[in-house]
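K.L.:
The following block contains a protein sequence and its predicted model.
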Amino acid sequence: MPTAPGTFRPDNQTRDERERERKREFDRYREPSHVRGYNHRWRKARATYLRSHPLCAMCWADGVATPATVVDHITPHKGDSTLFWDTNNWQALCKRHHDEKTAREDSNFGTPDGRKG
């Protein structure tokens, strides 16, 4: 039986199931990607950037050559179109590093009132 958001989850729910549920809940209140600027123009710019920067910057810094699949905004743009399109604010990352970076930046864990520290 589904539970209301923010209520106790049964112990038999796997970590992956809880994470998928958390993401679905987050996305319910998030603007669609095209509204946030991730449109056809972005997809073209992303593809061009990845052709020029084919390796994950974080893996490369560790001496590992891993194909990049994501163009990350180093400083989150938060709707600022100038920062969004500033290629000096972009880096090529593999999905694992992008997901880790995003989780660190978006996480509210560890703060008493749920706000970012």
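P.N.:
Okay, I see it.
K.L.:
all helices of this structure, in order?
P.N.:
Using DSSP state H, the helices found in the chain span residues 15-28, 40-52, 57-61, 81-85, 95-106.
K.L.:
Grab the most central residue of the protein for me.
P.N.:
Residue closest to the average C-alpha location in the chain (CA atoms, centre = their mean): Thr102, at 4.2 Å.
K.L.:
And it, how far from Val70?
P.N.:
9 Å (CB to CB, to the nearest Å). C-beta here means a position set from N, CA and C on the backbone, and glycine is covered the same way.
K.L.:
And for Ala45?
P.N.:
Ala45 is 13 Å from Val70, where distance means CB to CB.
K.L.:
More neighbours: the two, which one.
P.N.:
Neighbour comparison, Ala45 and Val70: the larger count goes to Val70, with 18 against 15 (by other CB atoms under 10 Å).
K.L.:
list the contacts for the nearest residue to the more buried one once chain neighbours are set aside?
P.N.:
Once flanking residues are discounted, Val70 sits nearest to His98: 4.2 Å by CB to CB, 6 or more residues apart in numbering. Residues near His98 by CB atoms under 8 Å, 6 or more residues apart in numbering: 69-70, 72.
K.L.:
From those, which land in strands?
P.N.:
70, 72 (DSSP state E).
K.L.:
pull the helix or strand with minimum mean pLDDT from the protein.
P.N.:
helix 15-28 (a mean of 75; mean pLDDT, DSSP states H and E).
K.L.:
Let me know the angle separating that one from helix 95-106.
P.N.:
60 degrees (axes from the mean of the first three to the mean of the last three CA atoms, to 10 degrees).
K.L.:
buried ones in helix 15-28?
P.N.:
Within helix 15-28, no residue is scored as buried using 16 or more other CB atoms under 10 Å.
K.L.:
Stretch 44-53 now?
P.N.:
46, 49-50, 53.
K.L.:
Quick one: residues in contact with that stretch.
P.N.:
Residues contacting stretch 44-53 (CB under 8 Å, 6+ apart): 68-69, 71, 85, 87, 90-92.
K.L.:
Against Gln13, how distant is the residue nearest to Val70?
P.N.:
From His98 to Gln13 the distance is 26 Å (CB to CB).
K.L.:
can you check Met58 too?
P.N.:
31 Å.
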